[in-house]
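S.K.: Have a look at this fold, sequence not included:
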């Protein structure tokens with residue numbers, strides 16, 4: 001336990017966190033984020049998450065997000081076997097708008113330029 005407490009304290013020090021914040025060390029890798037992001041950003045009170053369906057990873061993210069709120073698939077290239085990233089789409093503005101990483105590592109496709117959005121922070 002002393003090792004964990006020291007790790008928490010060092011993390012607080014490095015990040016300048018006071019006691020109002022809890023430091024968590026979580027396992028699960030990248031796919032766990034598909035659950036954690038909507039769990040924290042969608043509060044089951046009618047919030048909607050918009051996704052652009054570009055393949056395997058976005059499918060996993062959409063599936064997990066549906067557990068925590070409404071999901072709007074703004075665009076998809078599923079009908080073309082995910083051979084491109086859709087160029088024409090509209091994402092409705094929301095007070096809690098955010099974006100996900102611009103690259104789909106599984107296929108190497110990227111959003112260029114990255115979609116411009118409003119950030120709440």
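M.R.: Nice, I can see it. Quick caveat, the model's predicted, so the values are computed rather than measured. Residues are numbered from 1 along each chain as shown.
S.K.: Show me the shaky parts of the protein.
M.R.: When the per-residue scores of the chain are filtered using pLDDT under 70, the ranges that remain are 44-45, 93-121.
S.K.: For it, which segments count as strands?
M.R.: Assigned strands in the chain, in chain order: 48-53, 70-76, 103-104, 109-110 (criterion: DSSP state E).
S.K.: Run a quick neighbour tally on residue 39.
M.R.: The number of residues packed near residue 39 is 16, by other Cβ atoms under 10 Å. (Glycine included, C-beta is placed from N, CA and C.)
S.K.: Also residue 55?
M.R.: Residues within reach of residue 55, counting by other Cβ under 10 Å, total 18.
S.K.: Quick check: it vs residue 82, distance?
M.R.: 4 Å (Cβ to Cβ, to the nearest Å).
S.K.: all helices of this protein, in order?
M.R.: Listed in chain order, the helices of the chain (DSSP state H) span residues 2-15, 29-41, 56-65.
S.K.: out of those, which comes closest to residue 76?
M.R.: Comparing the helices of the chain by their distance to residue 76 (Cβ to Cβ), the top pick is helix 56-65, with 8.4 Å.
S.K.: Please point out which parts of the closest one sit buried.
M.R.: 57, 58, 59, 61, 62, 64, 65 (16 or more other Cβ atoms under 10 Å).
S.K.: Could you double-check that the fourth one sits in contact with residue 30?
M.R.: No: using Cβ atoms under 8 Å as the test, residue 61 is too far from residue 30 to be in contact (10.2 Å).
S.K.: so who does the residue nearest to residue 76 when sequence neighbours are not counted touch?
M.R.: Excluding its sequence neighbours, the residue lying closest to residue 76 (Cβ to Cβ, 6 or more residues apart in numbering) is residue 53, at 3.6 Å. The neighbours of residue 53, taking Cβ atoms under 8 Å, 6 or more residues apart in numbering as the test, are 59, 62, 73, 75, 76, 77, 78.
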